[in-house]
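Peer 1: I would like the atomic coordinates for the input below:
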Amino acid sequence: MTIWLGLALFAPIIGSFLGVLVRRLPGGLPVARARSRCETCGTPLAARDLVPIASYFALRGRCRACRAPIARFHLHIELAAIAVVAAAMAADPHADAVAAWRDCGLGWTLLALAWIDAETLLLPDALTLPLLLAGLAAAWPDIDALTDRAAGAAVGYLAFRAVAAGYRAARGRAGLGAGDAKLLAAGGAWLGLERLPALILLAALAGLAHALLVTRRRRRLTAATAVPFGPALAFAIFALWLCHRGPP
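Peer 2: Numbers count the residues shown, from 1 in each chain. You can find the predicted model right below:
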C-alpha cells in the first residue's frame, strides 16, 4: 500500500508535466527548457505558482499577475493523473513497485495521448513509438511473450493501415490517421496478438459511446465530421491491460 500512496502523491507532478506535453508537443514547442507563463498576460510563473493542484486553489483559479482565470485544464489533468493511480491500484492493490510504476506509466502516457488527440486530432510519434517499445521491453526476457507482442504490434499497425487505405480509396478522404495505427500497434505491443480483436472491439464501442454523447449534447455529426479515435483506443488499451496483464 505504501507504493500506491507514494504514487498518488507523485501523480499531480506527473499530471503537471503531462499538461506541458499536451500544450507543447502538437505545436513542436520545447517541452523541458521553456518557462511556464500565464496564458493570458505571458508573465513567467514563479515556483510557488506551479505547485500542482495546491497553487490553483491558493490562487483561487486566477493568475497572480493579471488576475485572469487559469484554464481548468491544468487542474483537470493533474486530477486525471491521480485517477490513473487509483485505477491501477484497484486492479492490483498488492502490486510490487515495478508493476505499480509500469501500470501507472502506461496509464499516464495514454492519458497524454488521449488528451492531445481529443484537442488536436494528432497522436505524436514522440509518445506512441516509445510506448510501443516499452510494451515490447516489458515482455523481456520471456521470448514467447515478446514474440506474441511483436506480432500484435505488427498486425495491429498493418490492419489499421489497410482499413485507412480502403476507406480513402472508397470515400476519397482520410478516415483513420497514421497515428491511430501506431497507437494500435503500441496496444498490440502491450497486450499481444490474441487480445488484439478484444482491443479493437472495446475501442470501437468506446468510440461509439463518445459519438452518442456528442450527439446528445446537440452537436450534429455527419460522415465528414472528424472524431478522434485516440481517446477510445487509449481507454481500451489501459482497461484491458489492467484486467489481463501480460501474455494470455
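Peer 1: Show me how the protein divides into domains.
Peer 2: Residue ranges of the domains in the chain are recorded as 1-97, 121-248, according to automatic domain parsing.
Peer 1: looking at those domains, which is buried most?
Peer 2: Among the domains of the chain, the stretch with the highest mean neighbour count (mean count of other Cβ atoms under 10 Å) is domain 121-248, at a mean of 17. Backbone N, C-alpha and C define where each C-beta goes, glycine included.
Peer 1: quick one: contacts for the closest residue to residue 65 other than its chain neighbours?
Peer 2: The shortest distance from residue 65 to any non-neighbouring residue, by Cβ to Cβ, 6 or more residues apart in numbering, is to residue 43 (4.1 Å). Listed by Cβ atoms under 8 Å, 6 or more residues apart in numbering, the contact set of residue 43 reads 37, 63-66.
Peer 1: what's the longest helix in the chain?
Peer 2: Using DSSP state H to define each element, the chain has its longest helix at helix 143-171.
Peer 1: same question for that helix, mean pLDDT?
Peer 2: Along helix 143-171, the predicted confidence averages to a pLDDT of 88.
Peer 1: swap in stretch 73-92?
Peer 2: So the average pLDDT for stretch 73-92 ends up being 95.
Peer 1: okay, residue 220: pLDDT?
Peer 2: In this model, residue 220 is scored at 67, pLDDT.
Peer 1: what helix or strand does the spatially most central residue of the chain sit in?
Peer 2: Averaging the C-alpha coordinates of the chain gives a centre point, and the residue nearest to it by Cα atoms, centre = their mean is residue 110 (2.2 Å). In the assignment (DSSP states H and E), residue 110 maps to helix 97-120.
Peer 1: ok, and for that helix, which residues are buried?
Peer 2: Applying a neighbour-count criterion of 16 or more other Cβ atoms under 10 Å, one finds 99-117 buried in helix 97-120.
Peer 1: Surely residue 26 touches residue 120?
Peer 2: Yes: here residue 26 lies in contact with residue 120, judged by Cβ atoms under 8 Å, at a distance of 4.5 Å.
Peer 1: Work out for me the element the closest residue in space to residue 233 that isn't next to it in sequence sits within.
Peer 2: Using Cβ to Cβ, 6+ apart and skipping residues adjacent in sequence, the residue nearest residue 233 is residue 203, 4.7 Å away. Residue 203 is part of helix 196-216 when elements are defined by DSSP H and E.
Peer 1: which residues make contact with that helix from outside it?
Peer 2: Counting by Cβ under 8 Å, 6+ apart, residues outside helix 196-216 touching it are 152, 155-156, 159, 184, 187-188, 191, 221, 227, 229, 231-233, 235-237, 239-240.
Peer 1: Need the per-residue pLDDT for the residue nearest to residue 65.
Peer 2: According to the per-residue confidence, residue 43 scores 77 in pLDDT.
Peer 1: try residue 247
Peer 2: We have a pLDDT of 43 for residue 247.
Peer 1: Identify the residue spatially nearest to residue 35, adjacent ones excluded.
Peer 2: Looking at residue 35 with Cβ to Cβ, 6+ apart, the closest residue is residue 44, at 4.9 Å.
Peer 1: what are the bridge partners for the one you found, then?
Peer 2: Using DSSP bridges, the bridge partners assigned to residue 44 are residue 37.
Peer 1: Alpha carbons of stretch 88-101, in CSV - could you do that?
Peer 2: The C-alpha coordinates for stretch 88-101 follow below in CSV (Å, rounded to 0.1, in the frame of the first residue of the first chain):
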residue,chain,number,x,y,z
ALA,A,88,-4.2,0.8,-11.3
MET,A,89,-4.4,0.3,-7.5
ALA,A,90,-8.0,-1.0,-7.8
ALA,A,91,-6.8,-3.6,-10.4
ASP,A,92,-4.0,-4.9,-8.2
PRO,A,93,-3.8,-3.5,-4.7
HIS,A,94,-0.8,-5.7,-3.8
ALA,A,95,1.3,-5.0,-6.9
ASP,A,96,5.0,-4.6,-6.3
ALA,A,97,6.8,-1.4,-7.0
VAL,A,98,7.9,-2.4,-10.5
ALA,A,99,4.4,-3.4,-11.6
ALA,A,100,2.8,-0.3,-10.0
TRP,A,101,5.2,2.1,-11.8
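Peer 1: Good, we can wrap up now.
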